[in-house]
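# the sequence and its predicted three-dimensional model are supplied below.
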Amino acid sequence: MEALHADMRALGMGGVRSAHSCALYFVDGKIAPEEMDLLGRFVFSDPVVETCAWRVLGAPSESGSKAAGVDGAAARAVIEILRKPGVADPFGEEAVRAAHELGVKGVERVATGTRWEFEGEGLTSAVLETMARRLLANPLVDRWAFGEIQPLFPDEEAHGAPVVWLDVASMDDEALLALSRERRLALDLVEMRAIRDWYRQAGRAASDVELEMLAQTWSEHCVHKTFKALVHVREVDRNSTLVRDYTVDSIFRTFIQTVTRSLDRPWVASAFVDNAGIVNFDGAWDLSFKVETHNHPSAVEPFGGANTGVGGVIRDIMGVSARPIAVTDVLCFGPQDTPADLLPEGVLHPRLIARGVVEGVEDYGNKMGIPNVNGAVVFHPGYASNPLVYCGCVGLAPRGAHVHQPRPGDHVIVLGGRTGRDGIRGATFSSMTMDASTGEVAGASVQIGEPIVQKRALDVLLEARDAKLYTAVTDCGAGGLSSAIGEMASQLGADIELAGLGTKYPGLSAWELWLSEAQERMVLAVPPEHVAALDALCKKWAAEYWDLGSFRNDGRLVVRLGGEVVLDLPGTFLHEGLPRRQLEARIVRDESDLASEVLDATSTTFQVAQPARAAVDAGSRPAGQGTHVQFASRLLELLASPNIASREQIVRRYDHEVQGGTVVKPFAGPGGDAPQDAAVLVPQGTGGAWGIALSNAIRPDKGEVDPCGMAWSCVDEAVRNAVAVGADPDKLAILDNFCMGNPNDPLVMGALVETARGLHDAALAYGTPIISGKDSFYNEYLGGDGRRHAIPPSLLVSAMGFVPNVTKVMTSFLKQPGDLLMLVRGSHLLPTDRIRNFYRAIHQAIQAGELAAVHDCAEGGAAVAVAEMCMGGRMGAVLEIPSSEEGDDFWFADMDAALIVEVRQGFEERFEMRMAEAAGSEALTLLGEVQRAPVLEITGHGVRETIAIDQLLTAWKVQGAEVLP
Amino acid sequence: MKALVLKAPGTNRDRDLVEALELAGSQAEVVPLAILREAPERIQKYGMVVVPGGFSYGDALGAGKLLALDLITYFQEAMSDFVASGRPVLGICNGFQALVKAGLLPGSARSLQVTLTANEKGRFECRWVRLAAPASHCIWTQGLEDFWCPVAHGEGRLASFENEALARLREGGHIALIYTNADGQPAGGEYPANPNGSIGDIAGLCNEQGNVLGLMPHPENAVFSYQTASLPGKSGKGALELLRRGVAFALQS
């Protein structure tokens, strides 16, 4: 309720004095009054703290609230909200089940909703409309009424629309493009012509099922056209004079795959082949890791988008036969104080996006019982209309447990959730630029998550794996069954009968059944002799499954509905018929050009303060005459800024303890609030001797200026964070996630080529194989002003490292008064692979017990890092400005390859020798000493400033909380 | 002695509990609700019944509500027999919510109406809390020293509409665990030491017999030394001790 009031204030509705909500249930069926009383007491309310009233619809209203406040400016108003028909309502379904369990068998359907009652001034119909549309409901999935709403149950139409056959073969270019546009196929002319030519040769019409499947199979989302394209690169100077030009024959092969191949680490078990990358650190267990984006869905329906983003990446891990053991989330939002009238039309406010996304992430991970242990929240004006939602998942499986070789005759079985209209055409949706109408037309792309359905499927899947009941498994993601079965059957082909598929409601047409992205579904290849055993497992765990047919042996995919053939395509055409894309890239060698273009777009659109930049620019701000008089005030300001403030109020909403293996927690230290550079997990069931470290790095501020440098910084920061908690830098794998604008824009492609090149060079230098990656394009929004609003080039690097000894994990908070604090830097070793020696030395120092605390120097530089170490340990420090250093740059600059360490007493000399040997004497700078008094003191150059740790905590935790969602 | 770990659709800390119970000296078997439903009397084979945490039925219609309905519909007789036999029963988090909503806690004898409802802050929270065991009838917590363990819930606030509920719980010896501040003093309703706003800082309740314990925090996540390795000064020792007492009691009964 506090959040709602804050949101109302943000939208200029300060006149609302009170807001109350209650749950609404519409019950359909033959029910006696005493049965309704029973349901009210046992099912619909908690009689200890709630009251429940009911009446028969159509009877006179029991209160005078009807339609109040629609005209004029009433003092009291009511808004009732229900889900639109066809949108999943899992709580309604549970209520029906519960009613039957209670013996009230007459209940047929239940719809759930919310009733809001407001009191206050100025509740005009315009205010109420804004309130409903912007704050309380989502127009995509909800409908509402001012006053009492009437329920609409999904219609019981028994048959879907018949299959449409289109004479593609005789279409000219114009007709082909019109067809692509009308059906939102997101295919270009070259691709449409390839489809036409195939049907010409086949001499028949195309069914809508086939066209929809081709569009999904050939979508950017599914085949990564951009990463596989032939890219013609032109590098020019600032006068647009050509410096050089060359061709990149597949960014993926040139810059990504080669890293892993040439590093050739024996512990990489699978890279880029399966749904997730797989490594094998200890010999007995396979660890899988995958990070996905769910940006477009989260922009239009933040809760559902983020919710199913988490659900989807968990299924990727289930798709490699692994138990999910951790989720991660990296979220990028626009500034929370962006004035609403500066947003492009049709864009949700960043506050609402952030609130919904965080709730969505919370809901899925918590309910599946998977700890959320690592992540980041980044604010930047470039994300105001395009949030980024990265969801990661780590899995564990006995070595070699994953199988992926279906055999002819194996049954094609769908396990998990029922199919509905939710999430139709998601893959093509995410392969298009959004505009103001996107929210409405892409309504069906919104996906609704049901984590408990997926939990049941997981329970079945893991036992089926151990009993070796299947020969292949994959998840249903973008493209639904068409993509999952299409890929699994790409070699063998399959015969599929869609009539056997369980649906949420009747009336789905063939292409909807085949394309639906309804969540929580896995596809298994089950040998006929194991179907009965799978059936028993599903009964045991109360899960549903549907047997749709079997694999062929000739590569033909044949789909029927009620016996009628609705799709008949060879795997060769589906999977190899896509013409290769050719793209232009333009790289402006004077780096300020691209940066100024992006900055110009974002700042003129939003005209708001840029806290992301402010925080980072603090480092490069002119430092006066080397004075430090502003040290305390600058530090306090930074600590309370959105990109640095304590993340507790977001991260505590995620369960980071379930599965009992979280060793280095998101918040540690004596106060339980010290943020850590990375998480360390002991995977449940592996014995507890070793662990894994999980870290991430994302630097959009650098992406604007220097995409190649951004990639270096991201690899460095991800490695640094993992090493800081005890990971071995020689057993560390990374994942990449590129988020960019429209790849048809040569400047966007130029930034992509530069980012990929940087990633390639850095990963080779650091010796970190890339085991999985994903790309998301079209992260831009065509505003009502006719201008493009693209995100800054964004690369997320996630790392998973081996922690050989869990008793030697390292944390960031100060431990012991009298210990020395040092800055250790390896940046002078860049860009060579000597940087590995630097991180090896840090790792060995941790293993040898020389260090008591380690913390990465990131946003806000050494000053913020030391402050966090002090706050975390509830201890002070005396810092001396090194005589060799001048100016504030030293304290506030963000540096690559830099860490603050607390050296244990008696180990100073050994540590210094170790670092000097590995990285030269310039690697070490003495900063000062830990002290028991909870005061941070800084002296030198004639300056002396002191700040109480409590003061730091107030800025960072209390003031900081106000700027976060 | 074997403990029955009841797993409903959405239960997710079952494996955590199995590991912790094994460390505490018990065997443990995870039994799916759908299987146990076919023969509820099988409960009597076990020395202990544990209802773990999670989101049974997705928390639809209220946390623990639909699992409580299952307990009433399918296991009322079997559970009453088991409780009456004096053997230990433990409900953690979602399991606690289900035991309360099924009327097994604080015990139906005196028809005291309490519930577990939305946290005062209105949101799910995960954090470590310090717990103390006041004098009670509880066989799990008698004389237990203070310990730390995590909470992870959105609906953990113990509430009642009866003004004298707290006094009656105290007099009846039902208050098995309370939230304290870092110094070991009762939290006094102060957030975050009392993370959810429970009346009387109540973290755990027992029945009159003392053999049924329900609690919101997760002792099963504070039994291995690595679980507290990054939290100096926060010992989970009492968490394992709590489970050991339950196991020891089950072995005797």
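Right, received. Where do you want to start?

# list the beta-bridge partners for residue A:821.
residue A:902, residue A:928 (DSSP bridges).

# which ones are touching it?
A:866, A:869, A:877, A:879, A:900-903, A:926-930 (C-beta atoms under 8 Å, 6 or more residues apart in numbering or on different chains). In this view, the C-beta of every residue, glycine as well, is placed from N, C-alpha and C.

# could you redo the last one with a cut-off of 10 Å?
Residue A:821 is in contact with A:814, A:853, A:855, A:862, A:865-866, A:869-870, A:877-880, A:900-903, A:925-930, counting by C-beta atoms under 10 Å, 6 or more residues apart in numbering or on different chains.

# likewise for residue A:22?
With C-beta under 10 Å, 6+ apart, residue A:22 has these contacts: A:45, A:50-53, A:114-117.

# check which element follows the helix or strand hosting it along the chain.
Using DSSP states H and E, the element containing residue A:22 is strand A:16-29. Of the helices and strands lying after strand A:16-29 in sequence (DSSP H and E), the nearest is helix A:33-39.

# in that next one, which residues are buried?
Across helix A:33-39, burial judged by 16 or more other C-beta atoms under 10 Å in any protein chain shown covers A:35-36, A:38-39.

# and for stretch B:113-129?
Under 16+ other C-beta under 10 Å, the buried positions of stretch B:113-129 are B:114-121, B:123-129.

# equivalent analysis for stretch B:10-25, please.
B:10-21, B:24.

# from the residues you listed, which is closest to residue A:205?
residue B:10 (47.1 Å; C-beta to C-beta).

# you'd agree that closest one is up against residue A:369?
Yes: with contacts counted by C-beta atoms under 10 Å, residue B:10 reaches residue A:369, the gap being 8.4 Å.

# what do the two both touch?
The contact lists of residue B:10 and residue A:369 share A:451, A:455, B:54-55, where a contact means C-beta under 10 Å, 6+ apart.

# in helices only, show me these.
Among the shared contacts of residue B:10 and residue A:369, the residues falling in helices (DSSP state H) are A:451, A:455.

# turn the shared contacts of residue B:10 and residue A:369 into TSV, including distance to residue B:184.
Shown next, in TSV, are the shared contacts of residue B:10 and residue A:369 (distance: C-beta to C-beta, whole Å):
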residue	distance to residue B:184
A:451	37
A:455	38
B:54	30
B:55	32
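
# what pLDDT does residue A:472 get?
With respect to pLDDT, residue A:472 scores 98.

# and if you look at residue A:609?
34.

# and what of the one 3 residues further on?
Predicted confidence (pLDDT) for residue A:612: 37.

# would you map out the domains in chain A?
A:2-146, A:165-206, A:403-574, A:812-965 (automatic domain parsing).

# what separates the last one from the chain centre, distance-wise?
Here domain A:812-965 shows a centroid-to-chain-centroid distance of 31 Å under the convention C-alpha atoms, centre = their mean, to the nearest Å.

# the longest one too?
Centroid displacement of domain A:403-574 relative to its chain, using C-alpha atoms, centre = their mean, is 23 Å.

# same question for the shortest one.
Computed by C-alpha atoms, centre = their mean, the chain-centroid distance of domain A:165-206 equals 34 Å.

# helices and strands of chain B: which one has the lowest mean pLDDT?
Every helix and strand in chain B was compared by mean pLDDT, DSSP states H and E; the lowest is helix B:165-171, with a mean of 92.

# which strands or helices does that helix pack on?
strand B:157-159, strand B:202-206 (3 or more C-beta pairs under 10 Å, 6 or more residues apart in numbering or on different chains; DSSP states H and E).

# out of those, which is closest to residue A:420?
strand B:157-159 (35.2 Å).

# now the element after the helix of greatest length in chain B, going C-ward?
Longest helix of chain B, by residue count under DSSP H: helix B:65-84. Heading C-terminal from helix B:65-84, the first helix or strand you meet, by DSSP H and E, is strand B:89-92.

# tell me the angle of the next helix or strand after that next one relative to helix B:65-84?
The helix or strand immediately downstream of strand B:89-92 is helix B:94-101, counting by DSSP H and E. Angle of helix B:94-101 versus helix B:65-84, following axes from the mean of the first three to the mean of the last three C-alpha atoms, to 10 degrees, is 80 degrees.

# same for helix B:94-101, what does it pack against?
strand B:2-7, strand B:48-51, helix B:65-84, strand B:89-92, strand B:115-117, strand B:147-153, strand B:202-206, strand B:212-215.

# in chain A, what residue comes closest to chain B?
Nearest to chain B, among the residues of chain A, is residue A:369, at 2.4 Å (C-beta to the nearest C-beta).

# tally of neighbours for that residue?
25 (other C-beta atoms under 10 Å in any protein chain shown).

# check residue A:943 too.
13.

# how close does it sit to residue A:228?
57 Å (C-beta to C-beta, to the nearest Å).

# over to the residue nearest in space to the middle of chain A: give its phi and psi.
Geometric centre of chain A, nearest residue: residue A:390, 2.2 Å, by C-alpha atoms, centre = their mean. For residue A:390, the backbone dihedrals (degrees, to the nearest 10) come out as phi -100, psi 130.

# the helix or strand containing residue B:248 near chain A anywhere?
Assigned by DSSP H and E, residue B:248 belongs to helix B:237-252. No: using C-beta under 10 Å from any C-beta of the partner chain, helix B:237-252 stays clear of chain A, coming no nearer than 11.1 Å.

# CA atoms only: put that helix into CSV for me.
This file holds the C-alpha atoms of helix B:237-252, laid out as CSV (Å, rounded to 0.1, in the frame of the first residue of the first chain):
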residue,chain,number,x,y,z
LYS,B,237,23.9,-24.4,16.8
GLY,B,238,20.4,-24.4,18.4
ALA,B,239,18.8,-25.1,15.0
LEU,B,240,20.4,-28.5,14.8
GLU,B,241,19.8,-29.0,18.5
LEU,B,242,16.1,-28.4,17.9
LEU,B,243,15.9,-31.1,15.3
ARG,B,244,18.0,-33.5,17.4
ARG,B,245,15.5,-33.1,20.3
GLY,B,246,12.7,-34.0,18.0
VAL,B,247,14.6,-37.0,16.7
ALA,B,248,15.5,-38.1,20.3
PHE,B,249,11.9,-37.8,21.4
ALA,B,250,10.7,-39.8,18.4
LEU,B,251,13.2,-42.5,19.2
GLN,B,252,11.8,-42.7,22.8
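
# average pLDDT for that helix, rounded please.
96.

# one more: stretch A:640-650?
pLDDT averaged over stretch A:640-650 gives 96.

# is any part of it close to chain B?
Yes: against chain B, stretch A:640-650 shows contacts by C-beta under 10 Å from any C-beta at A:648-649.

# now do the strands in the stretch 1-150 of chain A.
A:16-29, A:74-83, A:107-123, A:142-146 (DSSP state E, counting those that start in this stretch).

# with the stretch 251-400 of chain A instead?
A:268-270, A:277-279, A:285-293, A:323-333, A:372-379, A:388-398.

# tell me which residues of the least confident helix or strand of chain B come out buried.
B:165-166, B:168-169.

# got the residues of the stretch 101-250 of chain A near chain B?
A:101-103, A:110, A:112.
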